[in-house]
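Asker: Starting from these lines, generate the structure:
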Amino acid sequence: MRKEAWAMSVCMVGLGLCALAQGDVEEEFSEVLRPGLVLRVDKGCGAVYELGEYLEFTIRSERDGYLTVFDFDSAGSVRIIFPNNYWPYNYVRGGEELFFPGKFAPYRFRVAPPKGKEILFAVITERPHEFVPADYVLFQGIFPQLRLSPEEAARIIVRAIEVIPSDEWWAAAMCIFFVGEKPPPQPQPQPQEGWGLFIGIGDYTVNRITIDGEIRIIEDLRMPPGDAQAMAAALRSSFPHQKVITDGEATYSAIKEAISKWLGQAPADATVLIYFSGHGAQARDQDGDEKDRFDETWVTADGKVILDDELHRWINALPARKVVLISDSCHSGTIHRGIWAARGRTFYIPSRKWLRPLLTDGLGDDFMGGLRGFGKVIALSACRPHETAWESGHFGHGIFTYCLLKGLEGGADEDGDGWITAQELFAYTQDCVPHCAQQITLDDGSHPAQHPEFHDGIGKPVPLVRVR
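Answerer: Model prediction:
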């Protein structure tokens, strides 16, 4: 990929990888991918860029930290895209979308030969780290180049990640796309039929529960049963083994049995999908594994809670090696009352004002955070930890589920290959959910903010449904 500079010479930088090294580099990085960082090119990872076409990419980290982005080119060279000699300071703020090259950058990215597979790899850490010894870095032009082969560079970067102290937060992401043309697909073994569990709770048989000594009033919701049924129908072709549990059937014991026993029948090479629509809550952490000191929970129809720790244990015990977890719920502890057109999937607490701090870890963080090489779960959740997940009669579903369904109809197939992956589905909801939330008007005349979250513990595309 060529970088065109204004008022300076044009420098050539490829974002391709020679055929011999592609698999080695991808395999190295796939072992250290960790949720908390989203990296995307503007056409979507897996897309094809024509020669001469301009390219942009975006990055968003869930937390503040020090970001490094590497670029592997088709000539066998490796460059550091960020930080660079134009933008040398690499501390970034969590939650902010970073655009590269950016509006005021004196360069642009243009795709150049040779044709082939393209890889970007990004890592962010809580404290500053050098991932490549200075002896191997040549500070030429805007983007430093490494005096290493792609395979050597990947191994050095991975080794540097593996020695990050265990008490330090970090995240890593990879984006693969193609220049000129996509290579013909390699023969793949026929995947096992998927197993899907769909839970939707709107009618709570117990509406008054106590968590951490506080009484909480659960308002019934209208959409979750329909959410679960619609999601099951949309995924039936790829997940023919289905169980749908709604309203009063969705008790704590029934959900536990469905996950632990029924999904436990799925073979190791099958994909398991667990979908939940209903109320979420937070409970005070009991084992010290939560950075924000609170566990995220699902609330069952009989007024009990499923802690993220419990969910983790149940899923980790499954034979299946790929699990997609989708949660259309929220855990902020806030409530919006007296709203006819839209309701939040949270609680009213009559005993006293809400005094707890905002959550900083979401369900996906708490489910996979701190587990290096978990490599089993992809989690999609409806909103950020401090936000509310909304449902609306206008959309006929929870907003997040509405966007999931629209994406599964075909809108999420970014690369046009006829398959929608879990990664593509999340990318579709990133734009769809905030747009839909802005169409809701609250009692005070404002519009709610809702932004989906994604946590990829697998690092490779997980197909969900074929659309053609």
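
Asker: quick one, phi psi at residue 299?
Answerer: phi -100, psi 130 (degrees, to the nearest 10).

Asker: Can you check the pLDDT for it?
Answerer: At residue 299, the model reports a pLDDT of 92.

Asker: Numbering from 15 from now on, please.
Answerer: In the new count, where the first residue is 15, that last one comes out as residue 313.

Asker: which ones are touching it?
Answerer: 215, 218, 223, 232, 292, 293, 294, 295, 319, 320 (CB atoms under 8 Å, 6 or more residues apart in numbering). For glycine as for every other residue, the C-beta is placed from the backbone atoms N, C-alpha and C.

Asker: ok, and the closest non-adjacent residue to it?
Answerer: Distances taken as CB to CB, 6 or more residues apart in numbering place residue 293 nearest to residue 313, at 4.2 Å, with adjacent residues excluded.

Asker: what sits against residue 473?
Answerer: Here residue 473 is in contact with 43, 44, 47, 188, 389 (CB under 8 Å, 6+ apart).

Asker: What segments of the stretch 215-364 of the chain are helices?
Answerer: Using DSSP state H, counting those that start in this stretch, the helices of the stretch 215-364 of the chain run over 238-248, 266-271, 322-330.

Asker: Quick one: closest of those helices to residue 284.
Answerer: helix 322-330 (13.7 Å; CB to CB).

Asker: And the strands in the stretch 315-464 of the chain?
Answerer: Per DSSP state E, counting those that start in this stretch, the stretch 315-464 of the chain carries strands over the ranges 319-321, 336-342, 356-358, 391-395, 404-406, 411-412, 433-435.

Asker: and those as TSV, adding distance to residue 99?
Answerer: Listed next are those as TSV, based on distance: least, CB to CB, whole Å:
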stretch	distance to residue 99
strand 319-321	48
strand 336-342	41
strand 356-358	47
strand 391-395	36
strand 404-406	45
strand 411-412	47
strand 433-435	36
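
Asker: any idea which of these scores lowest on pLDDT?
Answerer: The stretch with the lowest mean pLDDT among the strands of the stretch 315-464 of the chain is strand 356-358, at a mean of 54.

Asker: Could you list the low-pLDDT ranges of the stretch 265-414 of the chain?
Answerer: Applying pLDDT under 70 to the stretch 265-414 of the chain flags the ranges 299-308, 345-389.

Asker: Walk me through the domains of this protein.
Answerer: As given by automatic domain parsing, the domain ranges for the chain are 16-193, 209-480.

Asker: For the contacts of residue 473, which single residue is the most surrounded?
Answerer: residue 43 (24 neighbours; other CB atoms under 10 Å).

Asker: Give the full set of residues in contact with it.
Answerer: When contacts are counted by CB under 8 Å, 6+ apart, residue 43 touches 133, 135, 168, 171, 172, 186, 188, 473.

Asker: Need the pLDDT of the third one.
Answerer: Read that as residue 168. For residue 168, the pLDDT comes out at 94.

Asker: For it, grab the count of nearby residues.
Answerer: Residue 168 is flanked by 25 other residues according to other CB under 10 Å.
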